[in-house]
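# requesting a structural model of the entry that follows:
(one chain, ligands or ions: 1)
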Amino acid sequence: MGENANEVPQEEEEDQIVNPFQVTVKKGEKIDYDKLIDKFGCQRLDPSFVERVERVTSRPPHVFLRRGVFFAHRDFNEILDAYERGENFYLYTGRGPSSEALHLGHLVPFMFTKYLQDAFKVPLVIQLTDDEKCMWKNLSVEESQRLARENAKDIIACGFDVTRTFIFSDFDYVGGAFYKNMVKVAKCVTFNKVVGIFGFTPEDHIGKISFPPVQAVPSFPSSFPHLFSGKDDLRCLIPCAIDQDPYFRMTRDVAPRIGYQKPALIESSFFPALQGETGKMSASDPNSAIYVTDSAKDIKKKVNNHAFSGGQDSIEKHRELGANLEVDIPFKYLTFFLDDDDEVEHIRKEYGSGRMLTGEVKQKLIQVLTELVERHRKARAAVTEEVFDPQMFQDEYQAVIAQSIL
Ligand code: TRP
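You can find the predicted model right below:
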């Protein structure tokens with residue numbers, strides 16, 4: 001399907017539904033990411049990219065790149081071409097603040113974005129769509145803003161280069177040049193088109209229907225005159241989970257018609273729930289996810305009691321058949337967060353052949369996650385109001401960032 005084939009087939013007929021508002025598959029089935037690439041019309045991120053990124057950045061590629069967590073892209077090759085010619089680009093990512101604390105799945109795009117920022121030494125804008133969550137989750141304006149602020153602390157704790165990062169909430173920042181771009185985009189998108197892309201219905205309120213331009217325009221440098229003034233051709237690379245693709249399909253469709261560059265994308269699969277790989281982790285079931293606020297005890301309990309195991313029912317059977325690594329959550333989580341390739345290979349072999357038991361793998365996972373969450377907790381505690389306010393809300397500081405950002 002071509003890039004401009006925005007109107008995806010009617011969702012009702014589909015076995016799997018993936019869009020920014022819903023990720024579901026038929027009961028007992030896994031998401032078919034190959035099918036998703038075909039349906040969305042993005043490109044597969046093949047291993048040659050991993051090598052190329054390593055060469056261009058002269059540093060080891062991130063785990064999420066090596067192990068295929070980021071598996072799809074749009075025009076990432078063009079970003080690398082431009083970078084090799086000595087041209088700069090900027091990163092754009094975001095979060096809809098719908099919950100108090102982030103879970104591990106929420107951290108994935110931010111951890112990866114931090115790596116990209118460090119590896120390429122480029123500026124980054126982070127959008128907090130408090131307006132989006134206010135409209136979709138029926139939160140009050142004030143509550144959405146409060147959650148945005150809380151989430152911003154967790155995001156800053158991921159360790160971005162503060163001299164090159166601009167984090168903003170829509171309620172605070174939308175206006176001026178950003179709003180002008182929103183109107184330019186909105187004029188190019190018919191009601192039929194958003195229905196085709198996002199599946200809106202006539203019963204949806206007009207807030208939802210008119211929201212997509214808000215998420216589209218951070219892809220254009222002219223939306224941030226205090227950061228990128230005079231750099232209207234700066235390319236933008238968006239790291240995100242693949243459920244966000246519809247927003248940027250729309251953005252890429254509109255961009256050339258309003259004289260702007262299309263943003264490039266690098267897209268991840270979803271981090272699976274503890275119960276198994278049938279969708280995204282859900283914020284409504286606390287036992288389906290590990291939160292950055294979980295204690296060591298919580299982590300131990302959740303992994304031991306709720307992580308779906310691909311091990312066999314009895315030890316004898318396990319020794320004989322080995323674990324089914326395709327469905328095993330403790331192993332899957334280790335492939336995300338255990339950096340040591342040799343150790344992961346060792347576990348793959350030993351556990352897969354039945355020499356290692358589920359209990360040992362869970363033990364390792366508990367150790368890895370406890371360390372990760374503890375590191376995050378310390379980093380978040382260091383995000384005091386003093387560090388935080390300047391990064392998000394104070395205009396003078398934004399001007400300082402603007403000078404040093406490029
Ligand atoms: N809509 C996203 C969410 O609900 C938030 C978001 C805004 C975003 N801009 C983005 C995500 C850019 C990735 C890239 O979480």
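
# could you say which helix or strand holds Phe71?
Using DSSP states H and E, Phe71 falls within strand 70-74.

# residues touching that strand, excluding its own?
Contacts with strand 70-74, where a contact means Cβ atoms under 8 Å, 6 or more residues apart in numbering, come from 3, 33, 36-37, 40, 42-45, 49, 64, 112, 239, 242, 248, 252, 262, 264-269. The C-beta positions use only the backbone N, C-alpha and C, and glycine is treated the same way.

# these in strands, which ones?
Among the contacts of strand 70-74, the members falling in strands (DSSP state E) are Gln43, Arg44, Pro239, Ala264, Leu265, Ile266, Glu267, Ser268.

# how near is the third one to Leu91?
So the one you mean is Pro239. Computed as Cβ to Cβ, to the nearest Å, the Pro239 to Leu91 distance reads 7 Å.

# how about the last one?
Computed as Cβ to Cβ, the Ser268 to Leu91 distance reads 14 Å.

# equivalent analysis for Val63, please.
18 Å.

# now do the buried residues in stretch 80-92.
By neighbour count on 16 or more other Cβ atoms under 10 Å, the buried set for stretch 80-92 is Leu80, Ala82, Tyr83, Asn88, Phe89, Tyr90, Leu91, Tyr92.

# and the strand or helix carrying the first one, how far out from the chain middle?
The one in question is Leu80. For Leu80, the enclosing helix or strand under DSSP H and E is helix 76-84. Computed by Cα atoms, centre = their mean, to the nearest Å, the chain-centroid distance of helix 76-84 equals 21 Å.

# who's in contact with it?
Leu45, Phe49, Arg52, Val53, Val56, Phe89, Phe120, Arg235, Leu237, Ala264, Leu265, Ile266.

# which residues does the first one contact?
Read it as Leu45. Counting by Cβ under 8 Å, 6+ apart, Leu45 makes contact with Gly68, Phe70, Phe71, Ala72, His73, Phe76, Ile266.

# from the ligand, how far off is the residue nearest to it when sequence neighbours are not counted?
Spatial nearest neighbour of Leu45, excluding adjacent residues (Cβ to Cβ, 6 or more residues apart in numbering): His73 at 4.9 Å. According to Cβ to the nearest ligand atom, to the nearest Å, His73 and the ligand sit 14 Å apart.

# tell me the pLDDT of His73.
The per-residue pLDDT reported for His73 equals 98.

# tell me the secondary structure at Arg257.
For Arg257, the secondary structure call by DSSP: H, G, I helix; E, B strand; the rest coil comes out as helix.

# would you confirm that it contacts Val185?
No: the pair Arg257 and Val185 fails to qualify as a contact (Cβ atoms under 8 Å) at a distance of 9.4 Å.

# these two - which one has more neighbours?
Taking other Cβ atoms under 10 Å, Arg257 and Val185 do not tie; Val185 has more neighbours (25 against 11).

# so where does the more buried one fall, helix or strand?
helix 176-186.

# likewise for Lys114?
helix 104-120.

# and the protein, which residues reach the ligand?
Contact residues (Cβ under 6 Å from any ligand atom) of the chain with the ligand: 20, 92-96, 127, 129, 132, 215, 238, 240, 244.

# low-confidence ranges, the chain, go.
1-13, 278-284, 386-406 (pLDDT under 70).
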